[in-house]
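>>> Return atomic coordinates for the entry below.
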Amino acid sequence: MSIAADIDTFKAMIKGHGGLARSNWYAVYMTHPVGKRGLLNGDIEGTLGNAARSLLSGQGSGVGLRSFFQDPRDIYLMCDAVNIPGRQIMTQEYMTGLRTRKKPYSFINSDVNMSFHLTNDYYIYKYIKSWMDGIVVEKGDNHYTVEYKEKYTTDIIIQQLSPNGNSFLPVYSCNLRIAFPISLSDVALDQADNTTLKCAVTFAYDEFEELGLTENLGALLGGATKLIDNTLGL
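Have a look, this model is predicted:
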């Protein structure tokens, strides 16, 4: 027997739970891993390329102090899409009498996929590529070694946001602990396609944890500043 409910009851229920969540209201905070916390931007060629484009377009040199720093807010702004991770319980079937039942024995957390807009200096692509180069390190003569985990991992905070007047408040946040990139997509160029370019990155991590209301607000109000300070080594 179904429970009768009219549209007003449905609307009241949604309002009572804060409204419907929107997929385009989110935030991503990512500090640089230990191996990339240097102040200087290693992409000198990209910086000089930006300067050359600015000069040719009559917009000045385009090289300021900020050009030589890696700012985690760039990643926040350029993130085009992200998924909040899911979890799957692993089960094994066993027989009891004539019935088959499932018994849980482990779980798997899904990887996190992010999509980023590409700028003409390929900042995000080069940044993720250099991060991955710091995981599996070339030692010369076609010899590679894997770096210590604490040198190439970091924490990533993903937030679902909800509008609150002229600002946004986090309604759900999760922290990916000990995260690192495991896949960087290719970039397809096509004469018949006039859209802007993007690249996709897949992150693995050891664990994800939900953040409470206090931690949510802390991540929104002070978390970004803290991540920047950590990045710059302040």
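>>> Would you mind confirming that Gly26 is in contact with Phe168?
For residue 26 the amino acid is Tyr, not Gly. No: assessed by Cβ atoms under 8 Å, Tyr26 is found out of contact with Phe168, at 9.4 Å. From N, CA and C alone the C-beta is placed, and that goes for glycine too.
>>> Overlap of the contact sets of these two?
Leu161 (Cβ atoms under 8 Å, 6 or more residues apart in numbering).
>>> Looking at the two, which has the bigger crowd around it?
Higher neighbour count among Tyr26 and Phe168: Tyr26, with 19 against 16, using other Cβ atoms under 10 Å.
>>> That one pairs with what?
Gln160 (DSSP bridges).
>>> shaky segments in the chain?
Scanning the chain for pLDDT under 70 picks out 1-4, 34-73, 213-234.
>>> How about the residue in it that sits furthest from its center?
Distance from the C-alpha centroid of the chain, by Cα atoms, centre = their mean, peaks at Gly97 (48.0 Å).
>>> what about the strands in this structure?
26-30, 79-82, 87-96, 99-109, 112-117, 136-140, 143-146, 154-164, 167-184, 198-204, 207-211 (DSSP state E).
>>> of the ones you listed, which approaches Asp8 most closely?
Closest to Asp8 of those, according to Cβ to Cβ: strand 154-164, at 22.4 Å.
>>> residues making contact with that closest one?
Contacts of strand 154-164 (Cβ under 8 Å, 6+ apart): 18-19, 21-22, 25-34, 82, 84, 112, 168-180, 203, 205, 211, 216, 219-220, 223.
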